[in-house]
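Student: here's a sequence, model it:
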Amino acid sequence: MSNEIQKANPMVVSYSLPNGENITLDAQTVRNFLTNGDAKVSDKEVVMYVQLCKAQQLNPFLKEAYLIKYSENQPASIVVAKDAFMKRAESHPQYGGMKSGVIVLTKNGEIKEREGSFYLPNESVVGGWAKVFRNDRKSEIYDSVAFDEYAGKDKNGNLNSMWRGKPGTMIQKVAEVHAMRKAFPERLSGLYIEDEMGKSQVVSTMNISEQQAQQYDLSGMEEIDEPTMAPQDDGFEQYGMPEDDMDAYMDEIADKYAEEEEAPKQTKTNEPFQVSYYEYVNNKDKYKLVPKSYDAAKKTCMVTYKEV
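Tutor: Modelled structure (predicted):
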């Protein structure tokens, strides 16, 4: 399937994974199921996320990629699972292996590199290192990272449980993805794992430039307003719906919002046709309700167009 940008609606993408599975992403699915954190993601952040998933052929429903946004004052971050990250790197035809480990401060004050995550009780982990080998290059790609720059901390500034309990494993993992990204930028540029960003300071991976906004045709895009579910003073009893049923029914509509389908497109005529009651409630400027047509069992009603 082509990975060309869908200009008609950049917040809805469909693509195929290497295993043949088809993935479809839209803004509502991303916001409801694929976003972590307390803040609401913007339309532009959703677009960048779904387009990156498509371009990188990631399966977000297996948590290969998800959005994190902790604050309205910070841009969202795209986070990729380490297994998905490593799988993409290791599948490169020029991938020739990797070595990695930790950097420790010994009791004698010396800095030593250890292969793997092992260190002695009297040593302190101060960093991690990794070497990636490419079949088409004579020398390895080396990178090292400092422990203090990436250690995850809680809101009080203390190391979180993972970084406190497994400092060697955590910093080695960060060093590996750094080296992999340096070795295969065409596959891994812009992809980050959660361990690279301590919760106390989320690193922005989604700063959207004006050029990117133009590329995705996002000019003038506004935040999507949540649908207003409160009933209006429309005299519902005259249409066959008792007033005391309205609150319960509107709550039911809200619960089923994610499952509702849009009404099929109709050729505009004066003839009544059936739509879901949710469709009518949210498009009263377009539809006129046929009196006493509400079907409580099917949650549908008959409408006509106000303008033909």
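
Student: surely Thr169 touches Ser117?
Tutor: Yes - with contact defined as Cβ atoms under 8 Å, Thr169 reaches Ser117; the gap is 4.7 Å. To be clear about C-beta, it is placed using only N, CA and C from the backbone, and glycine gets the same treatment.

Student: tell me where the chain has strands.
Tutor: 13-16, 22-25, 35-36, 65-68, 77-80, 95-105, 111-115, 124-134, 141-146, 273-276, 287-289, 300-305 (DSSP state E).

Student: any idea which of these is most buried?
Tutor: Stretch with highest mean neighbour count among these: strand 77-80 (a mean of 24; mean count of other Cβ atoms under 10 Å).

Student: in terms of contact, does Gly127 touch Ala151 like I think?
Tutor: No - counting by Cβ under 8 Å, Gly127 does not reach Ala151; the two are 10.6 Å apart.

Student: quick check: neighbours shared by those two?
Tutor: Taking Cβ atoms under 8 Å, 6 or more residues apart in numbering as the contact rule, Gly127 and Ala151 both touch Ile171.

Student: hmm, back to that, could you dump the strands of the chain into TSV with distance to Glu196 and mean pLDDT added?
Tutor: Conversion of these to TSV gives the following (distance: least, Cβ to Cβ, whole Å; pLDDT from 0 to 100):
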stretch	distance to Glu196	mean pLDDT
strand 13-16	25	91
strand 22-25	24	92
strand 35-36	15	88
strand 65-68	12	87
strand 77-80	9	84
strand 95-105	15	96
strand 111-115	20	95
strand 124-134	11	97
strand 141-146	9	96
strand 273-276	45	81
strand 287-289	50	83
strand 300-305	50	83
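
Student: now those as TSV including distance to Asn160?
Tutor: Formatted as TSV, the strands of the chain follow (distance: least, Cβ to Cβ, whole Å):
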stretch	distance to Asn160
strand 13-16	34
strand 22-25	30
strand 35-36	15
strand 65-68	15
strand 77-80	16
strand 95-105	18
strand 111-115	23
strand 124-134	15
strand 141-146	17
strand 273-276	46
strand 287-289	53
strand 300-305	51
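
Student: Ser16 pairs with what?
Tutor: Here Ser16 sits in beta bridges with Asn22, going by DSSP bridges.

Student: from Cys53, how far off is it?
Tutor: Going from Ser16 to Cys53 by Cβ to Cβ, to the nearest Å gives 12 Å.

Student: likewise Pro185?
Tutor: 19 Å.

Student: more crowded one of these two?
Tutor: Using other Cβ atoms under 10 Å as the criterion, Pro185 and Cys53 rank with Cys53 on top: 23 against 10.

Student: for the more buried one, list the residues it contacts.
Tutor: For Cys53, the contact set (Cβ under 8 Å, 6+ apart) comprises 13, 15, 23, 25, 60, 65.

Student: turn these into a markdown table, including distance to Val47.
Tutor: A markdown table is the format used below for those (distance: Cβ to Cβ, whole Å):
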| residue | distance to Val47 |
| --- | --- |
| Val13 | 9 |
| Tyr15 | 15 |
| Ile23 | 16 |
| Leu25 | 10 |
| Pro60 | 14 |
| Ala65 | 14 |
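
Student: need the longest helix for this protein.
Tutor: Secondary structure of the chain per DSSP state H: the longest helix is helix 167-183.

Student: mind checking the pLDDT average for that one?
Tutor: When pLDDT is averaged along helix 167-183, the result is 95.
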